[in-house]
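**Q** I'd like to go over a predicted model; first the sequence, then the structure.
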Amino acid sequence: MSKLRTVIKLHVQGKSKLFISSYLHLSRNTVKKYIRQFVSLKLTFKELDALDDIRLDELFFKTAEEELTPRLKALYSFFPYAEKELKKTGVTRQLLWSEYKLQSGWARKIPVL
């Protein structure tokens with residue numbers, strides 16, 4: 001958490017993202033992400049600095065589960081099955097993809113001519 005607070009503090013002081021990333025040994029993308037989140041929160045640095053580490057963690061580090069759509073959750077739940085099936089002889093990724101499409105409702109209805 002101290003690096004996060006330091007990133008925001010240096011940003012508020014007007015330091016560049018490149019300076020912050022090299023000073024704290026963080027990637028520039030991480031610095032950009034923290035600054036982008038800080039700006040979107042619309043908090044002042046004093047308000048942010050007053051927060052404890054748990055609350056700060058909740059604001060900046062959402063878990064991946066909260067961000068997943070139901071469609072992605074269904075796909076991720078299919079992976080263990082697919083991994084197990086791929087170890088079998090004759091099972092291909094194309095076959096598993098077809099299976100997944102049928103289960104998830106992706107199959108398009110093809111008109112009969």
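**A** Thanks, I have the structure now. A quick note: this is a predicted structure, and the numbers were derived from the prediction, not measured.
**Q** From the contact counts, what lies against the longest helix along the chain?
**A** The residue-count maximum for a helix in the chain (DSSP state H) belongs to helix 70-86. If you count contacts as 3 or more CB pairs under 8 Å, 6 or more residues apart in numbering; DSSP states H and E, helix 70-86 packs onto helix 93-104. Placement of C-beta: from N, CA and C, glycine included.
**Q** buried residues in the helix it packs on?
**A** Within helix 93-104, the residues scored as buried using 16 or more other CB atoms under 10 Å are Leu96, Tyr100.
**Q** Please name every helix or strand in contact with it.
**A** helix 70-86.
**Q** I'd like the domain boundaries of this structure, if you could list them.
**A** If you go by automatic domain parsing, the domain ranges for the chain are 2-61, 70-104.
**Q** which of those domains is buried the deepest?
**A** domain 2-61 (a mean of 14; mean count of other CB atoms under 10 Å).
**Q** First-to-last residue distance for that domain?
**A** Its start and end residues considered, domain 2-61 measures 14 Å (CA to CA, to the nearest Å).
**Q** starting at the chain centroid, how far to it?
**A** 18 Å (CA atoms, centre = their mean, to the nearest Å).
**Q** which ones are touching Tyr34?
**A** Leu4, Val7, Ile8, Phe60 (CB atoms under 8 Å, 6 or more residues apart in numbering).
**Q** switch to 10 Å and redo it
**A** With contacts taken as CB atoms under 10 Å, 6 or more residues apart in numbering, Tyr34 has the following neighbours: Lys3, Leu4, Arg5, Thr6, Val7, Ile8, His11, Lys17, Ile20, Leu26, Phe60.
**Q** next one: Tyr81
**A** Leu96, Glu99, Tyr100, Gln103.
**Q** how far away is the closest residue to the third one other than its chain neighbours from Glu85?
**A** The one in question is Tyr100. Leaving aside its sequence neighbours, Tyr100 sits nearest to Phe78 (CB to CB, 6 or more residues apart in numbering; 5.5 Å). Distance, Phe78 to Glu85, by CB to CB, to the nearest Å: 10 Å.
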